[in-house]
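Chemist: how would this look folded up:
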Amino acid sequence: MLLSMTSNRLDSIVQFITVILIFIFVLAVTYFTTKLTAGIQKGRMLSPNMELIEAFRIAQNKYIQIVRVGEKYYSIVVCKDTVTLLGEVSKEEINIPESQLGTTMSFKEILEKAKSMKQKK
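Modeler: Prediction:
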């Protein structure tokens, strides 16, 4: 009787450790798959000729966006099913913050910035 209780506990511990190891394996596979997918998507989204400068939400599925195409800037309205050109915007009329010009922040930098802003409040 005592021997069967000991073996049941040992089996339970082995099953628990196995489940933990499988869980860790699944998390690792998910992490690397997400990193790979994000890298592929980022490569597709990078374009030296086109860039989204700013977007402003005006309704549930409607946005006003300023985009750069080549050396020209355009204001467009993006809706659920349509994109409408409002007009061209001159470069002098656009206020682009220095932090946005040619720099890409890592997630860690964004998180640190958010923490410092929260601590200031």
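
Chemist: give me the next element, helix or strand, following the strand of greatest length in the chain.
Modeler: Once the chain is assigned using DSSP state E, the strand that runs over the most residues is strand 50-59. Once the chain leaves strand 50-59, the next helix or strand it forms, by DSSP states H and E, is strand 62-69.

Chemist: secondary structure element holding Lys35?
Modeler: Going by DSSP H and E, Lys35 is part of helix 2-45.

Chemist: that helix versus strand 50-59: what angle between them?
Modeler: 110 degrees (axes from the mean of the first three to the mean of the last three CA atoms, to 10 degrees).

Chemist: helix 2-45 packs against which elements?
Modeler: Using 3 or more CB pairs under 8 Å, 6 or more residues apart in numbering; DSSP states H and E as the contact test, no helix or strand touches helix 2-45. Backbone N, C-alpha and C define where each C-beta goes, glycine included.

Chemist: avg pLDDT for that helix?
Modeler: The average pLDDT for helix 2-45 rounds to 85.

Chemist: quick one: it to chain centroid distance?
Modeler: Distance of helix 2-45 from the chain centroid (CA atoms, centre = their mean, to the nearest Å) equals 24 Å.
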